[in-house]
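>>> Make a model of this:
(one chain, ligands or ions: 2)
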Amino acid sequence: MTSFSQDILASTAQLQLRSIGKRYGALSALQDIDLQVQRGEIFGIIGRSGAGKSSLLRLINRLESPSEGQVLIDGEDIARFDSARLHVLRRKVAMIFQHFNLMATRTVAENIELPLRMAGLPRAERAHRVDELLHLVGLAERRDAYPAQLSGGQKQRVGIARALVLQPDILLCDEATSALDPESTQAILELLRDINRRLGLTIVLITHEMEVIRDLCHRVAVLERGQVVEQGEVWQVFGDPRHEVSQILLGGPARTGQGTAAATELWLELHYTGERALEPDLAGLTAALGSGLRLLHGGIDRIQGRALGCLRVALPHCHEPDAVLARAGQLADRVQRVY
Ligand SMILES: Nc1ncnc2c1ncn2[C@@H]1O[C@H](COP(=O)(O)OP(=O)(O)O)[C@@H](O)[C@H]1O
Ligand SMILES: [Mg+2]
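Ligands and ions are numbered 1, 2, ... in the order given. Below is the predicted model of the structure:
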């Protein structure tokens, strides 16, 4: 891309991150981040755990401030906002979370209403808006239920309704589907896509689930150790991932022993060939390999009662990779370290 077209992109961007750095004490969580998000775009950020994704997102609604660089929304540096404008910013930039962050003692309708109460809207207006949102997210029948009575997918619908109730311009999603089963994930993605189209809402979404990016996003950036190592249109990055981390995240050619392997995170491929009739049991794997275990990718077929296929899992904070590999070898027919 020429610098000229980059300038045009920048000048029309709703959200711009310019030369962002973020430090927590001595730890440098983000370095030299330059990103632009256009109005109405669904922009994905992928990366392994600890890459800096959540830190990046928190800069956009000024939950945190960058150590270097600027965050511009509609061309304005949000660091300069006084408290009145910050208040507006917080309404314009909404957020949803992996664990929904609902209030357990309030009903669905009350949870959705909460931001309206805090904004001081009159009762009739609040009731009208809550009804609208309940219908938008398909929860009109559950309005008086409490969060504990809802499925994960329904809880996230409440989270989305609550985030949208003040009519934001930008929605930030931090691993919004990571706690959901595949079916609920699909339904939530459908809802987000619908909201993006109908309301023209800009969405910045972080995830470690590649299907989410592939199914929903227009453009994607790959974050690794606090830096953007690759970005582009989703079809481009998926079709021809250039950086090693993108290749691994996207399930491209697995590479081992390339020096850049994470000190603390271990990625394994567990192959099931049917020989020992082993079961790809995630609960068993978690018990044997560590509670932080994440499923990155899975493809299991069942033939004559035997599970055949491969699971790709990540183990954060792994200090004894050899011991873990040995234990994993008991649970799968073949185990390969991919990162
Ligand atoms: N509030 C904080 N204080 C200190 N360190 C933090 C804080 N938040 C994140 N970090 C560190 O910054 C790095 C990036 O974290 P994070 O942004 O949460 O990554 P991700 O969301 O990609 O998993 C990690 O090393 C994490 O431990
Ligand atoms: Mg995170």
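
>>> Leu72: what secondary structure?
With DSSP: H, G, I helix; E, B strand; the rest coil as the basis, the three-state label of Leu72 is strand.

>>> Run a quick neighbour tally on it.
Using other C-beta atoms under 10 Å, Leu72 is surrounded by 18 other residues. C-beta here means a position set from N, CA and C on the backbone, and glycine is covered the same way.

>>> And Glu269, by the same measure?
With other C-beta under 10 Å as criterion, Glu269 counts 19.

>>> can you confirm it is in a helix?
No. If the criterion is three-state DSSP, then Glu269 is strand and not within a helix.

>>> Mind checking what secondary structure the nearest residue to it once chain neighbours are set aside has?
The shortest distance from Glu269 to any non-neighbouring residue, by C-beta to C-beta, 6 or more residues apart in numbering, is to Gln336 (4.5 Å). When classified by three-state DSSP, Gln336 comes out as strand.

>>> Looking at Asp144 now. What's its pLDDT?
Among the per-residue scores, Asp144 shows a pLDDT of 98.

>>> For the one helix or strand Asn196 maps to, which residues meet the burial criterion?
Here Asn196 sits within helix 182-199, counting by DSSP states H and E. Judged by neighbour count using 16 or more other C-beta atoms under 10 Å, the buried positions of helix 182-199 are 184-189, 191-192, 195-196.

>>> got the contact list for it?
40, 42, 136-138, 151-153, 156-157, 160, 164, 171, 173, 176-177, 180, 201-203, 205, 209, 211-212, 215-216 (C-beta atoms under 8 Å, 6 or more residues apart in numbering).

>>> Just the C-alpha atoms of the host helix or strand of Gln330, please, in PDB.
Per DSSP H and E, Gln330 falls inside helix 321-331. Output of helix 321-331 as PDB, limited to C-alpha atoms (Å, rounded to 0.1, in the frame of the first residue of the first chain):
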ATOM      1  CA  PRO A 321       7.100 -28.800  28.500                       C
ATOM      2  CA  ASP A 322       8.800 -32.200  28.500                       C
ATOM      3  CA  ALA A 323       6.800 -33.500  31.400                       C
ATOM      4  CA  VAL A 324       3.600 -32.200  29.900                       C
ATOM      5  CA  LEU A 325       4.500 -33.800  26.500                       C
ATOM      6  CA  ALA A 326       5.000 -37.100  28.300                       C
ATOM      7  CA  ARG A 327       1.600 -36.800  30.100                       C
ATOM      8  CA  ALA A 328      -0.100 -35.800  26.800                       C
ATOM      9  CA  GLY A 329       1.400 -38.900  25.200                       C
ATOM     10  CA  GLN A 330      -0.700 -41.100  27.600                       C
ATOM     11  CA  LEU A 331      -3.900 -39.400  26.400                       C
END
